[in-house]
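Engineer: model the structure of this input:
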Amino acid sequence: MTEPAQLLALLADIDEPALSESFALAPGHWLLLLLLVAACLFALTIALRYWRFQRPKRLARRLWQQLDATDPTMPAQLNQLLKRLLKAYAPRHPLLTADTESWQQHWQSQLPAPLQLPSLQPLLYQAPTQHNALERQQLYQCGGVFIQRFNGRLYQQAASPATGPGTGVDHAGA
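Structural biologist: Numbers count the residues shown, from 1 in each chain. Sure, this is the predicted structure:
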């Protein structure tokens, strides 16, 4: 038998490969990561578009909060604010040029049942001394509810003309 010293001399050190400094993902993982990033970007784009779309409504809400319900000119200011809000979403909406009665009917239809809108005709077109603070306060509350429940997409759809052969509007043949 051979001596242990000779056997030890014959042994060679085990060479381990050097540790890799970079972490490599499998191609499937890269694809999943790319899909995740694309989905996040898509969701961010949708959220940003919604946030931009809601900007006039947020601004109207802030301006409504700055109105003073005891101010005699508040009804005219509120009416102008609501019309500007509507105009921001649908610049050609028929309500923008409608008479006061049509505007009041539409406004009342957007409010919950127990909330009653005071008559707009005297509030908007009579001297501020002829209407009382209770009517102004009620109008102020109705304006806040109207802004809160306002949906700009409904007004955009209502103001856009229908297209097609039976409507007289043909975008392709223009």
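Engineer: buried sites along whichever strand or helix holds residue 65?
Structural biologist: Assigned by DSSP states H and E, residue 65 falls within helix 55-66. Applying a neighbour-count criterion of 16 or more other Cβ atoms under 10 Å, the buried positions in helix 55-66 are 56-57, 60-61, 63-64. For every residue, glycine as well, the C-beta is placed using N, CA and C.
Engineer: now, which of the residues you listed sits nearest residue 14?
Structural biologist: residue 57 (71.2 Å; Cβ to Cβ).
Engineer: packing partners of the helix holding residue 65?
Structural biologist: helix 74-89, helix 133-149 (3 or more Cβ pairs under 8 Å, 6 or more residues apart in numbering; DSSP states H and E).
Engineer: tell me the mean pLDDT for the first one?
Structural biologist: On average, the pLDDT along helix 74-89 is 92.
Engineer: could you check how many residues crowd around residue 78?
Structural biologist: By other Cβ atoms under 10 Å, 26 other residues sit near residue 78.
Engineer: run through the residues that contact it.
Structural biologist: 64, 67, 139-140, 143 (Cβ atoms under 8 Å, 6 or more residues apart in numbering).
Engineer: now pLDDT and distance to residue 29 too, for these, in a markdown table please.
Structural biologist: Formatted as a markdown table, the contacts of residue 78 follow (pLDDT from 0 to 100; distance: Cβ to Cβ, whole Å):
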| residue | pLDDT | distance to residue 29 |
| --- | --- | --- |
| 64 | 93 | 51 |
| 67 | 93 | 56 |
| 139 | 90 | 61 |
| 140 | 92 | 58 |
| 143 | 92 | 55 |
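Engineer: the helices in this structure, which residues?
Structural biologist: Shown for the chain, the helices assigned by DSSP state H span residues 4-10, 27-53, 55-66, 74-89, 100-109, 120-125, 133-149, 152-159.
Engineer: report the angle between the third one and helix 27-53.
Structural biologist: Meaning helix 55-66. 40 degrees (axes from the mean of the first three to the mean of the last three Cα atoms, to 10 degrees).
Engineer: could we number from 2 for the rest of this?
Structural biologist: With 2 as the first residue, the last one maps to helix 56-67.
Engineer: can you give the contact residues for helix 56-67?
Structural biologist: Contacts of helix 56-67 (Cβ under 8 Å, 6+ apart): 79, 82-83, 85-86, 89-90, 144-145, 148-149, 151, 153.
Engineer: go again using 7 Å as the cut-off
Structural biologist: 82, 86, 89-90, 144-145, 148, 151, 153 (Cβ atoms under 7 Å, 6 or more residues apart in numbering).
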